[in-house]
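Enquirer: This is the structure alone, sequence omitted:
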């Protein structure tokens, strides 16, 4: 990465010196793969000590997806179609047998090696107590605990959309219950979530903190491959195998675990090994070998990164402090570049502002795009509202609701920037990395009365707005009609239950 080299991006790396066994490696590095590419060498690479060069004997991987290796098996006769027996743990490679007299047959390393966490069981039909009592189970087939911070479980239609938390132990299960703890009444949920699973089928995807898809459920689309509304039977995974139409089995009630909200047994196995792993499936003869299902290529993933519902500073630098200083910031959480063409921003559905179609802007991974109210005409209500991001098909892919806004110049933002969880007390950082602290720039000197209050309609009590902004008042807000130096002997009424300060004079 020499300064004079043609092969560099952004800030160059400092030359290594001395005789220490060290090297530069692309982040994340090591067993976590080298997937970070922000277009800046200084941000993308870190020193590793000692160095750890890899060669052809190491497992091939691409951002969390391990490429299967192949071991030839030699036989003296044609290979018959096998009867498959599925278990939750991978088996070793076959041992060469016989004499080399025919074309070798390739046997792939089990796909389970790439599945560090799997979607293990879905109760998409709910339970006998309520069809809304849906639950989802994850499983860790590895020998080490995995932190789920930054992991995300998303449906392609935008619901459910879950930011995972906590840790899943080695060989352990992680139970997500919809809405409340009564879904599986005798087992404590690891996390609650909102949003329903459609009975007609969904595509669920599991992403790691770098945005790489690790697993899926019903990736072929259409109706669910297993599970049933009859007796509310769950859909169980047959092991740590790639998701496909044959990877799932309907629980028959032979092996069950857990009670529903009415105290009756659930036809599923939440927080327990699946009954499905004991089932031997004999595939139907096929005229030709079907190619293995491969993970889809990585795609850009856009999210709402920050928004300011009430401005108290001229953030858009148009010389006025008004509702048009409110802003919404969009970022690319995915691992590849993506364009915003056709995507839309909107507030609460069928209320308030009209949707704004985003321009043709390409965002690199981690990059932001900023949109002020002056551009979008989206006015975020101080009385509570919702910010929504919709894809070109009109499907909601990210949204955040908020309640009454009591403080100006306080934004909602994700921390850490782009990939983190939501915080409602952030310092506005339009177009920059999100932060919870900072100082609002000083405004130009003046009396503070230059701008009519009507330019801030969603910050006024309705009575003031009707009088001043709808033509019925006589400029009663103007300070020259009152006491410009300030109220004399006024007393503030504390904790009055309103966002407006009340004074008694």
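Expert: Right, received. Where do you want to start? Because the structure is a prediction, the values reported are computed rather than measured.
Enquirer: shouldn't residue 181 be in contact with residue 191?
Expert: No - counting by CB atoms under 8 Å, residue 191 is not a contact partner of residue 181; they are 10.9 Å apart. No exception for glycine: its C-beta is placed from N, CA and C like everyone else's.
Enquirer: list the contacts for residue 258?
Expert: By CB atoms under 8 Å, 6 or more residues apart in numbering, residue 258 lies in contact with 184-187, 265-266, 268-272.
Enquirer: can you list these in CSV and add distance to residue 115?
Expert: Below are the contacts of residue 258 laid out as CSV (distance: CB to CB, whole Å):
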residue, distance to residue 115
184, 24
185, 30
186, 29
187, 24
265, 29
266, 25
268, 21
269, 19
270, 20
271, 19
272, 19
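Enquirer: Go through those residues and give me the one with the most neighbours.
Expert: Highest neighbour count within these, by other CB atoms under 10 Å: residue 268, with 30 neighbours.
Enquirer: mind checking the backbone torsions on it?
Expert: When read as degrees, to the nearest 10, the backbone of residue 268 gives phi -180, psi -180.
Enquirer: now do residue 376
Expert: Residue 376 has phi and psi values of phi -90, psi -20 when expressed as degrees, to the nearest 10.
Enquirer: coming back round to it: so which of residue 181 and residue 191 has more stuff around it?
Expert: Per other CB under 10 Å, whichever of residue 181 and residue 191 has more neighbours is residue 191, with 17 against 12.
Enquirer: Model confidence score at that one, please.
Expert: Residue 191 is assigned 95 on the pLDDT scale.
Enquirer: Over to residue 38?
Expert: At residue 38, pLDDT is 71.
Enquirer: Look at it and tell me its secondary structure.
Expert: When classified by DSSP: H, G, I helix; E, B strand; the rest coil, residue 38 comes out as coil.
Enquirer: Adjust the sequence numbering to begin at 739 for everything that follows.
Expert: Sure, I'll start numbering at 739, so the last one becomes residue 776.
Enquirer: residue contacts, the nearest residue to residue 877 once chain neighbours are set aside?
Expert: Residue nearest to residue 877 in three dimensions, not counting chain neighbours: residue 858, with 3.7 Å by CB to CB, 6 or more residues apart in numbering. Shown in contact with residue 858 (CB under 8 Å, 6+ apart): 875-877, 911, 974-975, 1012.
Enquirer: Just the ones of those residues in strands?
Expert: Mapping the contacts of residue 858 onto strands (DSSP state E) picks out 875-877, 911, 974-975.
Enquirer: Most neighbours of all those residues, which one?
Expert: Using other CB under 10 Å as the neighbour test, those are led by residue 974, with 28 neighbours.
Enquirer: what's the spacing between residue 1093 and residue 880?
Expert: Distance from residue 1093 to residue 880, counting by CB to CB, to the nearest Å: 43 Å.
Enquirer: same check, this time on residue 1031
Expert: Residue 1031 sits 21 Å away from residue 880, going by CB to CB.
Enquirer: so when I look at the residue nearest to residue 877, I'm seeing a strand, right?
Expert: Yes - assessed by three-state DSSP, residue 858 belongs to a strand.
Enquirer: Kindly reformat the ones in strands among the contacts of residue 858 as TSV containing distance to residue 1166 and pLDDT.
Expert: Output for the ones in strands among the contacts of residue 858, formatted as TSV (distance: CB to CB, whole Å; pLDDT from 0 to 100):
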residue	distance to residue 1166	pLDDT
875	40	96
876	36	94
877	42	94
911	41	95
974	48	94
975	45	94
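Enquirer: Most widely separated two among those?
Expert: Distance extremes for those: the farthest pair is 876 and 974 at 13.0 Å, using CB to CB.
Enquirer: ok, the contacts of residue 996 vs residue 1147, which is closest?
Expert: residue 922 (43.8 Å).
Enquirer: what about this protein, any weak spots by pLDDT?
Expert: Applying pLDDT under 70 to the chain picks out residues 739-745, 766-773, 793-852, 1017-1029, 1090, 1181-1243.
Enquirer: circling back: let me know the closest of the contacts of residue 858 to residue 1079.
Expert: residue 876 (34.5 Å).
Enquirer: Can you list the residue ranges for helices in the protein?
Expert: In the chain, helices defined by DSSP state H lie at 779-782, 1111-1114, 1200-1206, listed in chain order.
Enquirer: buried ones in the second one?
Expert: Neighbour-count burial for helix 1111-1114, with 16 or more other CB atoms under 10 Å as criterion, is recorded at 1111-1112, 1114.
Enquirer: export these to CSV and tack on distance to residue 900?
Expert: Shown next, in CSV, are those (distance: CB to CB, whole Å):
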residue, distance to residue 900
1111, 30
1112, 34
1114, 28
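Enquirer: nearest to residue 758, of those residues?
Expert: Using CB to CB, the buried residues of helix 1111-1114 come closest to residue 758 at residue 1114, 53.0 Å.
Enquirer: what's the distance between the residue lying closest to the closest one once chain neighbours are set aside and residue 1129?
Expert: Excluding the flanking residues, the one nearest residue 1114 by CB to CB, 6+ apart is residue 1094, at 3.9 Å. For residue 1094, the distance to residue 1129 equals 14 Å [CB to CB].
Enquirer: Could you check which of those two has the larger neighbour count?
Expert: More crowded of residue 1094 and residue 1129, by other CB under 10 Å: residue 1094, with 18 against 15.
Enquirer: The more buried one is in contact with residue 1117, isn't it?
Expert: No - in this structure, residue 1094 is not within contact of residue 1117 by CB under 8 Å, at 11.3 Å.
Enquirer: What's the local residue count around residue 935?
Expert: For residue 935, the count of nearby residues is 25 (other CB under 10 Å).
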